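> coords below, sequence missing:
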């Protein structure tokens, strides 16, 4: 088991106490030569070694008497040799192994440097220092300080060993209180060196152990995998199953988990999974977070051909990994195509870089002709950890023009017929309207009409006649509503007199690709101002015309209310979109929130035509 495994290996254990004469010392250690026994001997060895090194660097030859005097005695040479054989030096860490009283009863983890085969290696030492006060002369200086320390490689994740170190300290403290197990061991006690050896062997081999100490206390230890808190699950994340979820499913599963798991295929994002499973989005996110906690799924970004990727520095190490070399070709190649060589795949990975979309990469290197699945090709690099996504972060720098144009409906326009103006001699009754019931009727608003002309025109598809509504005669009356043909679902939109655009349905779904932009007066119209039939505006209650406001529906027919609602939806969408353009929300989040792709979002933001780093609507994009 390597140091990077989930349950790390124990490099060694040592038991340290405070000696009233020598200070902090190491009494027992496993394996041998794990750490120098005391801080004083290590200091003497380091000083003798530093003196010999400094003298060896001297350029001028020393006299013979001085050379003889500089030779260390055999005892110091042997201690220096034994010091070099140990992994750790106790001197620099002794004040943390046996610390001041403020750190007693606390878990202490420290990073130190040792030597393994004359190479500098970093280790982590974890301990739980304790101090016990004796009565009646039980301890010299009335205190007994000790610490049982575990040594690991610096790269190890130690969360699983934290409860083990705490429990060892708690049981040993109990044994010392009951039978003086540490300070005055008896013949019927299990020797402490044997306890350390069994701890070292059992925890590394079996992840559990049971060691009796003094007849009253027993070390019962078991290592459990530590699962850290799962990362946040967002709507635009895509879960990939690391195990067969359908094989693990049983009748005791949560209902939401059982429904959600069948749609986890590495393609659907969280919001789409919730829609397919007909489950609440919040419950779906919580379910996937539970799967992340137990490490049965992992998260990647939504795959789109407009995405951009780049290599991570880990590629220099992973490019020679035999596991990756053997798995890559079979994973990314479609059926019926020969498996490409690893150098070819590595060259294709190296061509992924910021500024180059997946679509451009496919076209430039003829990826499809090689039989490579682009989605699996990208997913393999992300799962193995040598490929990462380059996100787009839109930011509104300067608001040059509105982002969301008014929803419009492209319709055939009919001219105004002055010969059929409704006046004192002509009345529009039910009998008169019956002749127009055979065709699909509509209502056209002429925003640029003159003061003497009517702004509303009734038209019929099956007739060339048109009925005009005079503002003088119909000032205080609601325009006659036009019946629609049953079974016809027509797209309703607010139609300015100039320009063309998309339907109102796109605006109501928070998406629009139209190029036309609203005027200031039309924007104010949705806020409650009144537009007269002749094209003039007014705000008083006696102004002739129709109020365009959601809160003032008096005088509006069904079509006009829907047009006003569509206009209001476009304005609300723009207000909501601007809140996302602060540089803290990447494109995936915006796309998932509004339910549109990058091509349509780029058209709305005006970044499909960038000049000098800024789009035509004042939005810039940061790649990160």
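In hand now; what should we look at? Keep in mind that what you see is a predicted model, and the values were worked out from it rather than measured.

> all contacts plus neighbour counts: C-alpha atoms, from now on.
Fine.

> Specify the local secondary structure of residue 13.
With DSSP: H, G, I helix; E, B strand; the rest coil as the basis, the three-state label of residue 13 is strand.

> That one: neighbour count?
The criterion is other Cα atoms under 10 Å. On that basis, residue 13 has 24 neighbouring residues.

> What's the separation between it and residue 166?
For residue 13, the distance to residue 166 under the criterion Cα to Cα, to the nearest Å works out to 14 Å.

> Leaving out chain neighbours, which residue sits closest to residue 333?
If you skip the residues right next to it in sequence, residue 333 has residue 372 as its closest partner in space, 4.6 Å away by Cα to Cα, 6 or more residues apart in numbering.

> Apologies, that question was intended for residue 346.
In space, residue 346 comes closest to residue 319 once its chain neighbours are excluded; the distance is 7.7 Å by Cα to Cα, 6+ apart.

> How about the backbone phi and psi for the one you found?
Listed backbone geometry of residue 319 is phi -60, psi -20, with angles given as degrees, to the nearest 10.

> Tell me which helix or strand residue 400 sits in.
In this structure, residue 400 is located outside every helix and strand according to DSSP states H and E.

> ok, it - contacts?
Contacts for residue 400 (Cα atoms under 8 Å, 6 or more residues apart in numbering) come out as 616, 617, 618.

> could you redo the last one with a cut-off of 6 Å?
Remark: with contacts taken as Cα atoms under 6 Å, 6 or more residues apart in numbering, residue 400 is in contact with 617, 618.

> swap in residue 17?
Contacts of residue 17 by Cα under 6 Å, 6+ apart are 24, 25, 145, 146.

> quick one on the thing from earlier: does the residue nearest to residue 333 touch residue 330 like I think?
No: the criterion here is Cα atoms under 6 Å, and residue 372 misses it with residue 330 at 9.9 Å.

> So between these two, which is more surrounded?
Here residue 372 and residue 330 are set side by side on neighbour count (other Cα under 10 Å), and the busier one is residue 372, at 24 against 14.

> okay, the more buried one: pLDDT?
Predicted confidence (pLDDT) at residue 372: the value is 95.

> Same question for residue 523.
At residue 523, the pLDDT value in this model is 41.

> coming back round to it: save the contacts of residue 17 as TSV, and put in distance to residue 592, pLDDT and neighbour count too.
Rendered in TSV, the data for the contacts of residue 17 read as follows (distance: Cα to Cα, whole Å; pLDDT from 0 to 100; neighbours: other Cα atoms under 10 Å):
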residue	distance to residue 592	pLDDT	neighbour count
24	61	92	24
25	62	92	23
145	59	92	20
146	58	93	26
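
> count of neighbours near the closest residue in space to residue 328 that isn't next to it in sequence?
Using Cα to Cα, 6+ apart and skipping residues adjacent in sequence, the residue nearest residue 328 is residue 380, 7.1 Å away. The burial metric for residue 380, expressed as a neighbour count using other Cα under 10 Å, is 18.

> Residue 380: which element?
Secondary-structure assignment from DSSP H and E places residue 380 in helix 374-384.

> Run through who's touching that helix.
Outside helix 374-384, the residues within contact range by Cα under 6 Å, 6+ apart are 332, 387.

> Check which residues of that helix are buried.
Burial within helix 374-384, assessed by neighbour count using 16 or more other Cα atoms under 10 Å, is assigned to 374, 375, 376, 377, 378, 379, 380, 381, 382.

> what two of these are the furthest from one another?
Farthest pair in these (Cα to Cα) is 374 and 382. Separation: 12.5 Å.

> Could you list the low-pLDDT ranges of the chain?
Within the chain, the stretches with pLDDT under 70 are 1-6, 38-85, 136-137, 406-555.

> Leaving out sequence neighbours, find the closest residue to residue 616.
Take residue 616 and drop its neighbours on the chain: the residue closest to it by Cα to Cα, 6+ apart is residue 606, 5.3 Å away.

> measure the nearest residue in space to residue 293 that is not next to it in sequence to residue 622 for me?
In space, not counting the residues next to it along the chain, residue 293 is nearest to residue 230; the distance is 5.0 Å by Cα to Cα, 6+ apart. Shown here: residue 230 relative to residue 622, a distance of 28 Å by Cα to Cα.

> likewise residue 347?
For residue 347, the distance to residue 622 (Cα to Cα) stands at 27 Å.

> same question, residue 291
Taken as Cα to Cα, the spacing of residue 291 relative to residue 622 amounts to 33 Å.

> which one of those two has more residues nearby?
When residue 291 is set against residue 622 and neighbours are counted by other Cα under 10 Å, the residue ahead is residue 291, at 19 against 13.

> ok, how many other residues are close to the closest residue to the more buried one other than its chain neighbours?
The shortest distance from residue 291 to any residue that is not its chain neighbour, by Cα to Cα, 6+ apart, is 5.9 Å, and that residue is residue 297. Residue 297 is surrounded by 21 other residues when neighbours are defined as other Cα under 10 Å.

> need the next SSE after the longest helix seen in the chain, C-terminal direction.
The helix spanning the most residues in the chain, taking DSSP state H as the definition, is helix 558-580. Next helix or strand after helix 558-580 toward the C-terminus (DSSP H and E): helix 587-594.

> Flag every buried residue along the following helix or strand past that next one.
Scanning forward in sequence from helix 587-594, with DSSP H and E defining helices and strands, the next element found is helix 598-605. By neighbour count on 16+ other Cα under 10 Å, the buried set for helix 598-605 is 598, 600, 601, 602, 603, 604, 605.

> Quick check: bridge partners of residue 150?
According to DSSP bridges, residue 13, residue 126 are recorded as the beta-bridge partners of residue 150.

> contacting residues around stretch 277-295?
Under the contact criterion Cα under 6 Å, 6+ apart, stretch 277-295 has outside partners 230, 233, 257, 259, 260, 274, 297.

> Return the subset of these lying in helices.
Restricting the contacts of stretch 277-295 to those inside helices, with DSSP H as the criterion, leaves 257, 259, 260, 274.

> Now the first one: closest residue in space, sequence neighbours ignored.
By the measure of Cα to Cα, 6+ apart, the closest residue to residue 257 outside its immediate chain neighbours is residue 287, 5.9 Å from it.

> And the third one, by the same measure?
When the adjacent residues along the chain are set aside, residue 260 lies closest to residue 277, with 5.7 Å between them (Cα to Cα, 6+ apart).

> Would you mind measuring from that neighbour to residue 386?
With distances defined as Cα to Cα, the gap from residue 277 to residue 386 amounts to 33 Å.

> Same question for residue 360.
For residue 360, the distance to residue 386 - Cα to Cα - is 21 Å.

> between those two, which one's more packed in?
Set residue 360 next to residue 386 and count neighbours by other Cα under 10 Å: residue 386 wins out with 19 against 15.

> wait, doesn't the more buried one sit right on residue 316?
No: using Cα under 6 Å, residue 386 and residue 316 do not qualify as a contacting pair, with a distance of 8.9 Å.

> All the helices of the stretch 201-350 of the chain, in order from the start?
Applying DSSP state H, counting those that start in this stretch to the stretch 201-350 of the chain gives helices spanning 245-248, 255-261, 270-276, 281-293, 315-318, 322-332, 342-350.
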